[in-house]
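Chemist: I would like to see how this sequence folds:
(one chain, ligands or ions: 2)
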Amino acid sequence: MVQTLIRGRLLTFHAEPKSMEDHGAYSYEEDGAVLIEDGVIAASGGFADVSARAAPGHETVDHRPHLILPGFIDAHAHFPQMQMIASYGAELLDWLNDYTFPEETEFRDLQHGRRIARLFLNELLRNGTTTVAAYCSVHKESAEAFFAEALGRRMCVVGGKVMMDRNAPEGLTDTPQSSYDDTKALIADWHGKGRLHYAVTPRFAITSSPEQLEMAGALMREFPDLHMQTHLSENHDEIAFTGELYPDAPDYTGIYERYGLLGPKALLGHCIHLSEREADALADTGSVAVFCPTSNLFLGSGLFDYQRYRKRTKSLRIATATDVGGGTSYSMLKTMDEGYKVIALNGEKLNPFASFWHITRGNAEALSLSDRIGTLDAGTDADLVVLDARATPAMALRMERAKGLAEELFVLQTLGDDRAVVETYVAGEALKSEL
Ligand code: GUN
Ligand code: ZN
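Modeler: Ligands and ions are numbered 1, 2, ... in the order given. Next comes the predicted model:
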C-alpha cells in the first residue's frame, strides 16, 4: 500500500484551551509531518521521527511553511439552501415561508438534489470543511443525493431527511407515518455505509405535529446510537408560536424532552433564548447547543450567550456551525470571526486557540466522533486542512507584524476565508485541488 507523508507546521488539540497560556491543550510542531496509510493517520509529530517510520517508496507532499490542522467540522447546515442564501430582509418565520420553503420544494427532483449536493460538498471542501451535519429537504431523494455524494468522496458526514408535516406548503410536507417509513428506509440504506451517519431530523416543533415528534422519539428508541438534529429557541416569534402549538409543554425545550429527543447525540441549532430550566434540561441530558453566529446576526435572531452557557454550574456542550443558508458563509473561519464578535458583544473574548479547537476537536466531540475525526492522532481518519495565513495581500501585510502562533490563528480567523485554504484532504486524498 502507498503511504503519503505530508510535511508542514502541525497543530492539533487534546482538550479545550482554557486560556491563551493553556499550552497543554494542544501540540504544535514547527517542522512536522503526518504519515497516511489507507486513509488513516499512521503517525504524526516531528518530521524527523515520522519520516523515519515511512516505508521506502512513500510519496511526500511538502506544504511548508503552511499550517496543517484536522479538517474543519460544521455542526449544522442546510444543503438545499444554496440558491436562497443571501435573501434580503426577513426574520426567521417570514424568511422560511418566503424564501426557504419554496426553494426546498425543488428537491422533489432527485437530479436537482444530486447537482446541489455535489456543489455543496465542493463548496465545503473549498473552505476546508471535511465533515458536516446537514439537513436535507423533506424529500427522501434529497437525503439519497446527499449521502451518495458524500460516500463518493469518502467523507464523514451526518445527515437526515427533514421530518415536517404541518405549517409548510404542499409539496413540502410528509406525514408522521411516511416520515417514519422514509427515515427508517434511509437508515437501512445509508447509516454506517462508508463514513456516513444518519440523524433523525424533525425540522422544529412548529413544522412537526405531536404525532410526528412521537414518531421521531420512536425512531430514537429503535436506533439509540443515531444523532438527532433540530432547531430550538432561535427567534422570539418562533418561541411564541411554538408555545401556542404545544400549550401543555413547560417551555420550548420541554417539547423535545417530552418526546425523548434529548441526549448526548442531540444537536440543537441556535439555543439563543433559553431559560435556566431549559439550559439545565440540555445539560442534564448531555445535549449539544449549536452556535451559528453568522445566521443569528443575519436573521437578527439574537446573541448566543456563550459565556453564560459555558460558565454556569451545569455547563452546556457547545458546537459551532454555519447554518447555511440562514448563515452567510460556508467558511468555518468566517463563522468563528463572527462568533468572536457575538461573544465580544456579551463582554468576553474567545481566545484563538479555543476557536480552532471548536472547529476541529471541539465539534468532533460535540458530534461524538472524536475517536475518528478532529485531531491528528494516529489511528484516526486522515481528514486535514492546510492553511496559509499570507494568502491575500492584506493578510500577508498583516502577518509582517504577527508574533507567534496565537496571532497567526487570529489573523486566519479574522481575515481568512476559502482563499486561505491551500488544500483539503479527505481520508488522505487531496480534494480541494481536484475541484
Ligand atoms: N428553523 C427551522 N428551519 C430552519 C432553517 O432552515 N434555518 C434556520 N436558521 N432556522 C430554522
Ligand atoms: Zn438551521
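Chemist: quick one: contacts for Gly362?
Modeler: Listed by C-beta atoms under 8 Å, 6 or more residues apart in numbering, the contact set of Gly362 reads 13, 16, 318-320, 374. No exception for glycine: its C-beta is placed from N, CA and C like everyone else's.
Chemist: which ones among those residues map onto strands?
Modeler: Judged by DSSP state E, strands contain the following of the contacts of Gly362: 13, 318-320.
Chemist: select only the buried ones of the residues you listed in ChimeraX?
Modeler: Filtering the ones in strands among the contacts of Gly362 down to the buried ones (16 or more other C-beta atoms under 10 Å) takes a single ChimeraX command:
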select :13,318,319,320
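Chemist: out of the ones in strands among the contacts of Gly362, which are close to ligand 1?
Modeler: On the criterion C-beta under 6 Å from any ligand atom, none of the entries of these sits beside ligand 1.
Chemist: out of the ones in strands among the contacts of Gly362, the closest to Ala427 would be?
Modeler: Here the nearest of the ones in strands among the contacts of Gly362 to Ala427, counting by C-beta to C-beta, is Phe13; it sits at 20.5 Å.
Chemist: state the distance from the closest one to Asp225.
Modeler: Taken as C-beta to C-beta, to the nearest Å, the spacing of Phe13 relative to Asp225 amounts to 25 Å.
Chemist: residues of the stretch 251-400 of the chain that sit close to ligand 2?
Modeler: By C-beta under 5 Å from the ion, the part of the stretch 251-400 of the chain that sits against ligand 2 consists of 269, 323.
Chemist: ok and the residue in the stretch 251-400 of the chain nearest ligand 1?
Modeler: Among the residues of the stretch 251-400 of the chain, Gly326 lies nearest to ligand 1; the distance is 3.1 Å by C-beta to the nearest ligand atom.
Chemist: need the ones in strands among the contacts of Gly362 in a markdown table (columns: distance to Arg390).
Modeler: Compiled in a markdown table, these are given as follows (distance: C-beta to C-beta, whole Å):
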| residue | distance to Arg390 |
| --- | --- |
| Phe13 | 23 |
| Ile318 | 31 |
| Ala319 | 30 |
| Thr320 | 25 |
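Chemist: in a markdown table: the ones in strands among the contacts of Gly362, plus pLDDT.
Modeler: Listed next are the ones in strands among the contacts of Gly362 as a markdown table, based on pLDDT from 0 to 100:
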| residue | pLDDT |
| --- | --- |
| Phe13 | 98 |
| Ile318 | 98 |
| Ala319 | 99 |
| Thr320 | 99 |
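Chemist: can you show me the helices along the stretch 251-400 of the chain?
Modeler: Assigned by DSSP state H, counting those that start in this stretch, the helices in the stretch 251-400 of the chain fall at 252-258, 276-285, 293-298, 306-311, 332-345, 352-357, 363-366, 393-399.
Chemist: Pro176 and ligand 2, how far apart?
Modeler: With distances defined as C-beta to the ion, to the nearest Å, the gap from Pro176 to ligand 2 amounts to 22 Å.
Chemist: same deal with Ala394?
Modeler: Using C-beta to the ion, Ala394 is found at 31 Å from ligand 2.
Chemist: do Ile68 as well
Modeler: Taken as C-beta to the ion, the span from Ile68 to ligand 2 is 30 Å.
Chemist: I figured Gly327 hits Phe298, correct?
Modeler: Yes - in terms of C-beta atoms under 8 Å, Gly327 counts as a neighbour of Phe298; the distance is 6.9 Å.
Chemist: how about the residue of the chain most remote from its centre, secondary structure?
Modeler: Of all residues in the chain, Pro56 sits farthest from the chain's C-alpha centroid, using C-alpha atoms, centre = their mean; the distance is 37.8 Å. The three-state assignment at Pro56 reads coil, by DSSP: H, G, I helix; E, B strand; the rest coil.
Chemist: which residues touch the closest residue to Ala134 other than its chain neighbours?
Modeler: The spatially closest residue to Ala134, leaving aside those adjacent along the chain, is Gly159, at 4.4 Å (C-beta to C-beta, 6 or more residues apart in numbering). Taking C-beta under 8 Å, 6+ apart, we find Gly159 in contact with 132-136, 143, 146-147, 150, 196-199, 201.
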